[in-house]
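In: Starting from these lines, generate the structure:
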Amino acid sequence: MKNRTPSSDSPLPDDVSWRCDDLKQHRGLQEKFWRLQRWAWCLFAIVIIAALAGLTGAGGSFARTQDDFSAGSIDLPSITRVSASDDIRIKFAAGRNQRQLHLSTAFLNAWQIDTIQPSPDRALADENGATLFFSTRQGQPADVHLFVRAREFGIFKTGIAIDTEERIAHNVIVLP
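Out: Numbers count the residues shown, from 1 in each chain. Next up, the predicted model:
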């Protein structure tokens, strides 16, 4: 602080008038700091809105994605977290009594499968991934749940197919 002499005509005590002089002297710096604070508050608001919308992987309209096709539907997380438990729901449409679920190699590399409910009758692995076979009642729809955990963070393209349908590729964002 510079050594100043107090003004004798000021109604304020000497030390207060010196502080006011310092504030006037650094006004430009204060305005820059205030502007930075406003931007930070806007950024905080954006993060909170993103979290409420599900963009952090826990609920909200963007946290999951669903694909419907003639053999059934697949509901899986579109945003998740590393090592967080998630579920993938497969609904087989009414039809045959022997159903297949194909999981691509990319899917198997991205996810650790903890449990499959109900358990498949058998599984067949090849260079393209794994095919799981399920018995269902003739003409009845059936549900299968895969309880999974992401192996690492990043953006992964995974493929899932029901019966002989075209494989559906999903982009899954895994946050740390």
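In: send the alpha carbons of the helix or strand hosting residue 108 over as CSV?
Out: Using DSSP states H and E, residue 108 sits within helix 105-110. Provided in CSV are the C-alpha atoms of helix 105-110 (Å, rounded to 0.1, in the frame of the first residue of the first chain):
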residue,chain,number,x,y,z
THR,A,105,-16.7,-58.5,-29.3
ALA,A,106,-16.7,-54.7,-28.7
PHE,A,107,-19.6,-55.2,-26.2
LEU,A,108,-17.7,-57.9,-24.4
ASN,A,109,-14.5,-55.7,-24.2
ALA,A,110,-16.4,-52.7,-22.9
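In: Packing partners of it?
Out: Helices and strands touching helix 105-110, by 3 or more C-beta pairs under 8 Å, 6 or more residues apart in numbering; DSSP states H and E, are strand 129-135, strand 154-162. Bear in mind the C-beta positions are built from the backbone N, C-alpha and C, glycine included.
In: Which one of these has the poorest average confidence?
Out: Ranked by mean pLDDT, the helices and strands packed on helix 105-110 bottom out at strand 154-162, with a mean of 86.
In: May I see the buried residues of that strand?
Out: 156, 158-162 (16 or more other C-beta atoms under 10 Å).
In: So what's the gap between that strand and the chain middle?
Out: 15 Å (C-alpha atoms, centre = their mean, to the nearest Å).
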